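let me see the structure of the following:
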Amino acid sequence: MRLIIFICLNLFLAVTYAQVRTIPATKLTQPVKIDGNLNDEAWKTVTATGDFITSFPKFGHVSSSKTVVKIAYDNDAVYVGAYLYDNPEDIRKQLTARDVTGNQNVDVFTVGFDTYLDRQNAFLFRVTAAGVQADAKGSQNSTPVYDVTWNAVWESKVNIENDGWVVEIKIPFSAIRISKNEVQDWGLNFARFVRKKNETSIWSPQNPNINGDINQWGTWIGLKNIKPPLRLSFQPYISGGLRISPTSKGDVTEVLKSGGMDVKYGINESFTLDMTLIPDFAQVQSDNLLLNLTPFEVKFDDYRPFFTEGTELFNKAGLFYSRRIGASPGGSSAVLNKYGNDPNYRIDKNPGITRLYNATKISGRTKDNLGVGIFNAVSAPMYARVTNLTNGNDSSILTEPLTNYSIVVLDQALKNRSFISFTNTNVLRKGNSRNANVGSMDLSLFDKRNTYNVALSGKFSTVWGNNLTKNGYGTSASFGKVSGILQYKALLNIVSDKYDPNDLGFLLNNNSLDYSGNLSYNLLKPTKKFINQIYSVRFNNTYLYKPFNWSGLEVGAKAFFLFKNFWDLTFNFQSNPLWTRDYFVNSNTYNGNFLMRTPYYYLGFDGSSDSRKKLYFSYSLGAAESPLPNDPYWSSEIGLRYRFNEKFQLSTSMAIEQDKGNWGWSYITDNTGRPTTPLIIARRNVKRNTGIVNAQYNFTKRMNWTVRVRHYWSALENTNFYNLKNDGYWDEIPFIANKNINYNTFNVDMFYTWDFLLGSRITVAWKNALGGNVNIDPYSNTSYLKNLGRSVNNPHSNELTVKIVYFLDYLKLKRKTKQ
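Numbering: from 1, shown residues only. Next up is the predicted model:
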């Protein structure tokens with residue numbers, strides 16, 4: 001009898017997985033009060049759904065906890081009510097900041113809408129059992145990507161009951177994009193995460209062996225005659241504060257004041273205009289500065305909301321690096337180098353960032369699923385002011401011209417998650433000093449069963465200006481098996497020697513041709529010891545594009561294990577098994593020099609404990625060796641997080657790295673820092689330590705305090721110097737003294753945030769940083785603790801600001817005016 005029941009249950013589940021789950025749409029005629037109770041008369045007219053299926057830790061089982069969901073709509077919004085049955089003592093309710101749910105001790109309910117039913121794009125709304133909101137925009141090319149920086153204004157309420165918890169949600173149509181069709185079907189899914197069991201269960205099952213998430217969602221059928229109201233909102237802001245900066249002549253105090261506005265306007269049901277006027281981005285996390293020993297630019301994250309929220313369409317071709325906008329003025333370092341050490345001049349003003357006049361985004365999709373995106377930003381001209389101390393004359397020096405940045409994207413969604421898109425980026429500078437344009441065509445095709453993918457891309461760049469013209473191209477092609485236990489991918493990528501997208505994009509170096517491949521074996525069904533296992537191998541073979549020469553071969557392998565106790569462990573092997581040619585030893589463009597780099601072999605492992613516990617830790621350890629004598633490399637990192645209660649948690653991490661065989665370029669310079677010799681090569685012993693402490697205290701679901709302290713130390717000790725020969729090898733030369741480097745950065749970022757109304761926020765920020773031009777002697781300060789002490793004792797800059805943002809909805813203002 002048990003066997004018959006087991007067979008019938010599995011047959012039922014097999015049929016369920018093969019079919020797309022659907023639910024008919026119900027349009028409400030009565031109001032819904034968002035109070036965390038489902039006893040409104042309106043809810044009695046709505047058919048309930050449930051029968052969630054687990055997706056983790058094991059796919060395909062009936063959820064261990066019953067969940068009942070109702071969903072409906074009217075002309076203003078979508079309404080969701082869910083009853084999540086559970087023992088109240090087992091419900092996890094840790095308070096967190098908005099959008100923070102990962103690895104937290106909290107139960108979560110999620111609803112997602114694919115409003116164009118293209119199986120590629122979606123809006124997700126999450127509510128925790130503590131009532132904290134989280135939202136994201138989802139998109140997927142070959143893998144799903146969720147933009148958690150996207151924030152919408154919507155309502156939710158949670159109640160804890162005797163047999164579970166209830167969540168009620170209202171999502172205005174102004175928060176999402178919909179088509180103009182009179183009758184619409186939407187992609188739909190619900191999910192529930194039970195923290196005590198680490199169990200995720202989903203309404204429309206998502207098989208982990210099938211590539212993609214949104215393409216496996218169910219369907220909400222028959223939304224009719226939606227007549228959404230005008231979508232117009234304003235977020236004016238004011239900010240002010242003080243900045244105290246240390247200088248050689250004493251502290252300089254600067255009064256900070258600013259004001260501006262963000263505007264969101266629904267052009268129609270499908271398209272939205274976002275604009276920021278005189279934006280102020282002072283209250284963002286400090287960059288993780290480091291000592292860069294490579295010729296390549298360091299890529300930093302962008303924490304400015306306008307440039308991170310909802311920009312996935314603009315970066316579909318990988319041409320948008322938002323930090324280009326408002327970056328440090330291109331001529332500021334030249335002013336510092338020329339006048340900073342000259343006793344006859346004083347620098348009175350030399351802005352470190354470029355101010356923006358405005359930035360605008362227009363994005364949406366037509367009823368035929370054509371995505372359209374238009375982005376434009378205008379940055380102000382920036383000037384440095386220098387005083388000649390011999391005659392008292394002031395000079396104004398242009399460090400960044402008036403600049404316009406623009407992006408246009410056309411993205412046509414096709415069947416089976418496929419798409420074809422066109423992207424064009426453009427940068428125009430006043431004075432014609434340097435202008436740039438990059439265009440890209442991208443095609444991605446999936447078969448009907450979502451098993452295989454072919455992707456093609458072609459890019460063309462043009463840079464022009466005063467005495468400057470260059471054109472270049474980049475192209476890539478890939479084929480892969482993207483679903484199933486066995487998956488693989490082959491990729492060819494070509495970047496010409498003149499291709500340059502870096503006026504608005506990011507590319508480490510051009511002039512390369514490489515082909516690569518990877519193979520993975522994905523065991524996602526639990527076994528006796530493991531929840532899942534993933535094994536993978538890869539290789540990458542690289543050439544210089546022009547002149548065409550072989551550069552190097554890299555191979556690697558990885559094994560990932562998730563244990564039944566929710567601990568994880570990863571082993572990683574990486575090697576360049578042959579001597580390789582580094583064609584970019586001292587420049588990100590090939591200039592005729594190259595350095596032969598030794599083969600190496602790296603082996604490492606990392607892992608973490610069960611994040612449900614109060615004490616959670618992560619770790620990593622790795623080491624590499626080469627045939628050269630005394631050439632070891634090793635790295636380690638330990639991270640700890642302790643949750644004191646449902647409001648307060650503290651985390652810290654320490655990363656240590658040492659490379660005794662670090663090779664790179666160097667010069668002999670004069671007193672002004674100008675090179676006096678040809679390129680030479682230095683072999684050095686490099687140490688890096690990074691210590692970070694994070695603390696979060698959440699007063700309520702809308703009020704929190706966070707502090708982040710980071711100290712980074714890197715010490716470079718030169719051990720040998722060489723002349724670089726034409727064949728890439730080297731001859732040792734006499735040792736050059738006083739070339740060691742000791743680099744420290746120290747930052748404190750503290751934020752108090754209170755969302756006092758929906759969409760309205762008060763932020764108080766204190767930012768502390770190690771002052772500029774700090775020289776900590778590398779010969780007497782050789783340990784991390786000594787450098788930490790010197791960093792704390794040296795002069796620091798301090799900045800204290802207050803910012804108030806107020807959300808104004810046009811329709812609510814209109815109704816209040818009539819009353």
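
tell me the secondary structure for the residue nearest the centre of the chain?
In the chain, the centroid-proximal residue (CA atoms, centre = their mean) is Asp301; its distance is 6.6 Å. What DSSP: H, G, I helix; E, B strand; the rest coil gives for Asp301 is coil.

what's near enough to touch it?
Asp287 (CB atoms under 8 Å, 6 or more residues apart in numbering). Heads up, the C-betas are built off the backbone N, CA and C, glycines and all.

let me know the pLDDT of it.
Here, the pLDDT recorded for Asp301 equals 87.

quick check: Thr423 is in a strand.
Yes. Membership of Thr423 in a strand is supported by three-state DSSP.

hmm, it is touching Gly439, no?
Yes. Using CB atoms under 8 Å, Thr423 makes contact with Gly439 at a distance of 7.1 Å.

neighbour count: these two, which is higher?
Applying other CB atoms under 10 Å to Thr423 and Gly439 shows that Thr423 carries more neighbours, namely 25 against 18.

measure that one to Leu445 for me?
Thr423 sits at a distance of 18 Å from Leu445 (criterion: CB to CB, to the nearest Å).

ok, Pro228 next?
With CB to CB as the criterion, Pro228 and Leu445 are 34 Å apart.

ditto for Lys812
The value you get for Lys812 to Leu445, if CB to CB is used, is 46 Å.

what kind of secondary structure is Glu312 in?
Taking three-state DSSP, the label given to Glu312 is coil.

please look at it and Ser139 and confirm they touch.
Yes. Taking contacts as CB under 8 Å, Glu312 lies within contact range of Ser139: 4.8 Å.

how long is stretch 446-459 end to end?
Start to finish, the residues bounding stretch 446-459 are 22 Å apart (CA to CA, to the nearest Å).

cool, stretch 729-740 as well?
So stretch 729-740: terminal residues 23 Å apart, CA to CA.

okay, buried residues for it please.
Neighbour-count burial for stretch 729-740 flags 730, 739 (criterion: 16 or more other CB atoms under 10 Å).

just list whatever residues bridge to the closest residue to Pro205 other than its chain neighbours.
Leaving aside its chain neighbours, Pro205 sits nearest to Ile53 (4.3 Å; criterion: CB to CB, 6 or more residues apart in numbering). For Ile53, the residues forming beta bridges with it (DSSP bridges) are Val62, Ile202.

where does this structure have low pLDDT?
Applying pLDDT under 70 to the chain picks out residues 1-19, 142, 248-249, 282, 669-677, 771-773, 818-819.

how about the helices in it?
Remark: helices assigned in the chain by DSSP state H are 2-18, 305-308, 332-339, 784-793, 810-818.

tell me who's in contact with Asp606.
569-570, 572, 618-622, 637.

contact partners for Thr115?
Here Thr115 is in contact with 122-123, 176-179, 184, 186-187 (CB under 8 Å, 6+ apart).

at 6 Å what do you get?
By CB atoms under 6 Å, 6 or more residues apart in numbering, the contact list for Thr115 reads 176, 178, 186.

also Gly260?
Counting by CB under 6 Å, 6+ apart, the residues that Gly260 touches are 237, 277-279.

and what of Phe113?
Phe113 neighbours (CB under 6 Å, 6+ apart): 123, 186.

10 Å - rerun?
71, 78, 80, 121-125, 138, 171, 176-178, 186-189, 217, 220 (CB atoms under 10 Å, 6 or more residues apart in numbering).

likewise Arg119?
Applying CB under 10 Å, 6+ apart, the residues contacting Arg119 are 140, 187, 212-217, 413, 415-418, 446, 450.

same question for Trp665.
For Trp665, the contact set (CB under 10 Å, 6+ apart) comprises 293-295, 582, 585-587, 593, 595, 679-682, 724.

so how far is Leu800 from it?
42 Å.

repeat for Val585
44 Å.

among these two, which residue is more densely surrounded?
Neighbour count, other CB under 10 Å: between Val585 and Leu800, Val585 has more, with 22 against 16.

name the nearest residue to that one, ignoring sequence neighbours.
Leu595 (4.2 Å).

neighbours around that neighbour, how many?
22.

wait, doesn't it sit right on Thr580?
Yes. With contact defined as CB atoms under 10 Å, Leu595 counts as touching Thr580 (9.2 Å).

show me the contacts for Gln133.
Per CB under 10 Å, 6+ apart, neighbours of Gln133: 98-99, 101, 125-127, 151-156, 169, 701-702, 755, 758.

let's see it at 7 Å
Applying CB atoms under 7 Å, 6 or more residues apart in numbering to Gln133 gives the contacts 98, 127, 156.

the second one: neighbour count?
Using other CB under 10 Å, Val127 has 27 neighbouring residues.

show the end-to-end separation of stretch 768-776, please.
Stretch 768-776 end-to-end distance (CA to CA) = 18 Å.

again with stretch 463-473
12 Å.

run the chain-centre distance for it.
Relative to its parent chain, stretch 463-473 has a centroid offset of 31 Å by CA atoms, centre = their mean, to the nearest Å.

give the contact list for the nearest residue to Gly164 once chain neighbours are set aside.
Nearest residue to Gly164, sequence neighbours excluded (CB to CB, 6+ apart): Tyr85, at 4.0 Å. By CB under 7 Å, 6+ apart, the residues touching Tyr85 are 65-67, 163-164.

from Lys66, how far out is Tyr85?
In terms of CB to CB, Tyr85 sits 4 Å off from Lys66.

how about Thr22?
Distance of Thr22 to Lys66, given as CB to CB: 21 Å.

who's in contact with stretch 361-375?
Contact with stretch 361-375 is made by 116, 118, 177, 179-181, 270-274, 310, 313-314, 406-413, as judged by CB under 7 Å, 6+ apart.

cutoff 8 Å now
Identification of contacts with stretch 361-375 by CB under 8 Å, 6+ apart yields 116, 118, 121, 177, 179-181, 267-268, 270-275, 306, 310-311, 313-314, 320, 359-360, 405-413, 421.

buried ones in it?
Applying 16+ other CB under 10 Å to stretch 361-375 flags 361-365, 369, 371-373, 375 as buried.

same check, this time on stretch 570-585
570, 572-576, 580-585.

could the C-alpha coordinates of that stretch be exported in PDB?
Presented in PDB, the C-alpha positions along stretch 570-585 are these (Å, rounded to 0.1, in the frame of the first residue of the first chain):
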ATOM      1  CA  THR A 570      34.900  24.600  -1.900                       C
ATOM      2  CA  PHE A 571      38.200  23.300  -3.300                       C
ATOM      3  CA  ASN A 572      39.800  25.400  -6.000                       C
ATOM      4  CA  PHE A 573      42.800  24.600  -8.300                       C
ATOM      5  CA  GLN A 574      44.200  27.100 -10.700                       C
ATOM      6  CA  SER A 575      47.400  27.000 -12.800                       C
ATOM      7  CA  ASN A 576      49.300  28.600 -15.600                       C
ATOM      8  CA  PRO A 577      51.300  25.500 -16.500                       C
ATOM      9  CA  LEU A 578      53.500  27.200 -19.100                       C
ATOM     10  CA  TRP A 579      55.700  30.300 -19.200                       C
ATOM     11  CA  THR A 580      53.400  33.100 -20.300                       C
ATOM     12  CA  ARG A 581      54.000  36.400 -22.000                       C
ATOM     13  CA  ASP A 582      52.600  39.500 -20.200                       C
ATOM     14  CA  TYR A 583      52.200  42.000 -23.000                       C
ATOM     15  CA  PHE A 584      50.700  44.600 -20.600                       C
ATOM     16  CA  VAL A 585      53.500  44.700 -18.000                       C
END
